[in-house]
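[1] Got a predicted structure plus its sequence, pasted below:
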Amino acid sequence: MFESLTDKLSQAFAKITSRGVLSEQDIDSAMREIRVALLEADVSLSVVKDFIAKVKEQALGEKVAKSIKPGQMVVKIVHDELVKLLGAQETELNFNAPAPVCFLMVGLQGSGKTTTTAKIANKLKKNKRILLASLDVYRPAAQEQLEQLAKQISVDVLPIVQGQKPLEITKRALAEAKKGVYDLLILDTAGRLQIDAEMMDEAAEVKKLANPTETLLVADSLIGQEACNVAKEFNEKIGVTGLVLTRIDGTSRAGAALSMKMVSNAPIKFLGTGEKIDELEEFHADRIAGRILGQGDVVSLVEKTMSVIDKEEAEKMAGKMMKGSFDMNDMLAQMHQMKKLGSIGNIVSMIPGLSKFKSQIENSGVGDNLMKKQEAIILSMTKQERAHPDIIKASRKKRIAQGAGVEVHDVNVLLKSYEQMSTIMKKMGGGLGNLSGLAKMFNSNPFVKMPGGFNKRFPF
């Protein structure tokens, strides 16, 4: 989501961080580049003006002038202001009301409201008894869609009664939530255009009746400059307590995140990172600011890893590593674990110092497409070949390549990668004394070299 903005800001910072002393001209030049980067990212002009004024005031201060590394100090100022801009308010969901607590989901048509409703329910179902209800009687099969999603995540949903209007459904949902002793009721309203006064009035009436503790505006991060108008209209007509930005894995310019927060003065609470039901991140302003400035987000990466990686599988793999035993089945298992973390590009963007190479990695072919190809090759092997890859010779390679729909060269590349990974496991099984040799192997291995000299970043 922030790739383009990150690249432009990195270029602006590169010019000032390489200098020992910064003049007012240097700072002015950097501020101009930052201003252009933010405007090109679809951040509204008023937000950009305010942001640049605050950063420049501090950048010209005595603290920066006397700093040993003034360029780095300016970067820190920009980071701190970004955190403030993105919102330092409380992002926890508000459950401060007698049960059943009610959440109201609002937003434009096609913003991903119904899917987001299910994602939030899926995230909270461990600790809350939840009831979902669809008020969308206008979009064909909208109520059935929520019903299917609720079934998928094993959460209760209000039965559909044909012909009922949104206010009638709301009354029935509130009664059912109270009767069924639910902790949380989530109402999924119909998508609407912000200029549609009649539907905005309907949403306002539903809110008055339901008295929700949270009114979450779900917005597509690709919305661009229109973000300000959307946030303003919904906040004025209905009142918004939080934002959920969807499709942040797309190629948006990131301005929606910055502009909507400023206009609505409501905190961003979640980010939709993909289409899958578990692809919803809690929003942390400091972490997103780090991503925007190319500093990565290790904390989120670790949290995601802990939530998706199979502990038993990891322990089993560790045992094999200690024994120096590693076959194609293990390599396939590793690929499956990696896929749970998301795309290679997204993983790299969370690692400090490597986010700027994200596009290079994706363009070089060392990414998701390569992993899919290699997975197909392994699945084309027999059980015996996976357990004993050394038996795979010319005739077998040809058969495997045909089965996977690839060239024999691709099979050779996979087998070479496997040999090197196997060597790594054996060296790791030998203890820490072999780390220097392991580093040498990485630095000379053409299959793990990345664009920009990643192989030089191993700290051994």
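    Noted; the coordinates are in hand. Numbering: from 1, shown residues only.

[2] Point to the residue nearest the middle of the chain.
    Note on the chain: the residue nearest the mean C-alpha position is Thr273, at 3.8 Å, using Cα atoms, centre = their mean.

[3] gap between it and Asn122?
    In this structure, Thr273 and Asn122 are 14 Å apart, going by Cβ to Cβ, to the nearest Å. All C-beta atoms are positioned from the backbone trio N, CA, C, and that covers glycine.

[4] Also Gln374?
    Separation of Gln374 from Asn122 (Cβ to Cβ): 31 Å.

[5] in the stretch 201-350 of the chain, which spans are helices?
    Secondary structure of the stretch 201-350 of the chain by DSSP state H, counting those that start in this stretch: the helices cover 227-237, 255-264, 285-292, 298-308, 311-323, 328-340, 344-349.

[6] Repeat that for the stretch 1-150 of the chain.
    Using DSSP H, counting those that start in this stretch, the helices of the stretch 1-150 of the chain run over 3-17, 24-40, 45-59, 62-65, 70-86, 113-124, 142-152.

[7] Was I right to think Asp286 contacts Val83?
    Yes: assessed by Cβ atoms under 8 Å, Asp286 is found in contact with Val83 at 5.2 Å.

[8] All the strands of the stretch 101-250 of the chain, residue numbers only.
    Ranges of strands within the stretch 101-250 of the chain are 101-107, 130-134, 156-157, 184-188, 214-220, 242-246, based on DSSP state E, counting those that start in this stretch.

[9] Present those as a markdown table; the columns should include mean pLDDT and mean neighbour count.
    Shown next, in a markdown table, are those (pLDDT from 0 to 100; neighbours: other Cβ atoms under 10 Å):
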| stretch | mean pLDDT | mean neighbour count |
| --- | --- | --- |
| strand 101-107 | 95 | 26 |
| strand 130-134 | 97 | 27 |
| strand 156-157 | 96 | 20 |
| strand 184-188 | 97 | 28 |
| strand 214-220 | 92 | 25 |
| strand 242-246 | 89 | 27 |
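
[10] Out of the ones you listed, flag the one nearest Ala30.
    In terms of Cβ to Cβ, the element of those nearest to Ala30 is strand 242-246, at 27.8 Å.

[11] Pairing partners for the closest one, with directions?
    strand 214-220 (parallel), strand 268-272 (parallel) (DSSP bridges).

[12] now the longest one against helix 113-124, angle please.
    Read it as strand 214-220. Counting by axes from the mean of the first three to the mean of the last three Cα atoms, to 10 degrees, strand 214-220 points 120 degrees away from the direction of helix 113-124.

[13] Tell me how far strand 214-220 lies from the chain's centre.
    Relative to its chain's centre, strand 214-220 lies at 17 Å (Cα atoms, centre = their mean, to the nearest Å).

[14] what does the last one give?
    Averaged C-alpha coordinates place strand 268-272 at 9 Å from its chain's average position (Cα atoms, centre = their mean).

[15] which outside residues touch that strand?
    Strand 268-272 has contacts (Cβ atoms under 8 Å, 6 or more residues apart in numbering) with 86-87, 91, 93, 112, 115-116, 119-120, 216, 242-248, 257, 260-261, 279-283, 285, 288.

[16] Convert it to CSV, retaining C-alpha atoms only.
    In CSV, the C-alpha atoms belonging to strand 268-272 read as follows (Å, rounded to 0.1, in the frame of the first residue of the first chain):
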residue,chain,number,x,y,z
ILE,A,268,-8.0,3.8,12.3
LYS,A,269,-8.8,0.5,14.0
PHE,A,270,-8.1,-2.2,11.5
LEU,A,271,-6.4,-2.8,8.1
GLY,A,272,-7.7,-5.4,5.7
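
[17] and the angle for it with helix 70-86?
    If you take the same axes, to 10 degrees, strand 268-272 sits at 100 degrees to helix 70-86.

[18] Turn the strands of the stretch 101-250 of the chain into TSV, columns for distance to Asp28.
    Listed next are the strands of the stretch 101-250 of the chain as TSV, based on distance: least, Cβ to Cβ, whole Å:
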stretch	distance to Asp28
strand 101-107	40
strand 130-134	53
strand 156-157	57
strand 184-188	49
strand 214-220	34
strand 242-246	32
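
[19] so which of those strands comes closest to Met31?
    Nearest to Met31, of all the strands of the stretch 101-250 of the chain, is strand 242-246, at 26.7 Å by Cβ to Cβ.

[20] How about residues contacting that closest one?
    Contacts to strand 242-246, defined as Cβ under 8 Å, 6+ apart, come from residues 91, 93, 111-112, 115-116, 120, 214-221, 231, 256-257, 260-261, 264, 266-272.

[21] Would you point to the one among the helices of the stretch 1-150 of the chain that's packed deepest?
    For the helices of the stretch 1-150 of the chain, the largest average neighbour count (mean count of other Cβ atoms under 10 Å) is found in helix 113-124, namely a mean of 23.

[22] elements contacting it?
    strand 101-107, strand 130-134, helix 142-152, strand 184-188, strand 214-220, strand 242-246, strand 268-272, strand 280-282 (3 or more Cβ pairs under 8 Å, 6 or more residues apart in numbering; DSSP states H and E).

[23] Distance to Pro166 added to the ones you listed, as CSV?
    As requested, the helices and strands packed on helix 113-124 are exported to CSV (distance: least, Cβ to Cβ, whole Å):
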stretch, distance to Pro166
strand 101-107, 11
strand 130-134, 9
helix 142-152, 11
strand 184-188, 9
strand 214-220, 15
strand 242-246, 20
strand 268-272, 24
strand 280-282, 25
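
[24] Minimum distance to Gln25: which of the ones you listed has it?
    In terms of Cβ to Cβ, the element of those nearest to Gln25 is strand 268-272, at 35.7 Å.

[25] For the closest one, give the mean pLDDT please.
    When pLDDT is averaged over strand 268-272, the result is 88.

[26] what does stretch 82-94 give?
    The model assigns stretch 82-94 a mean pLDDT of 76.
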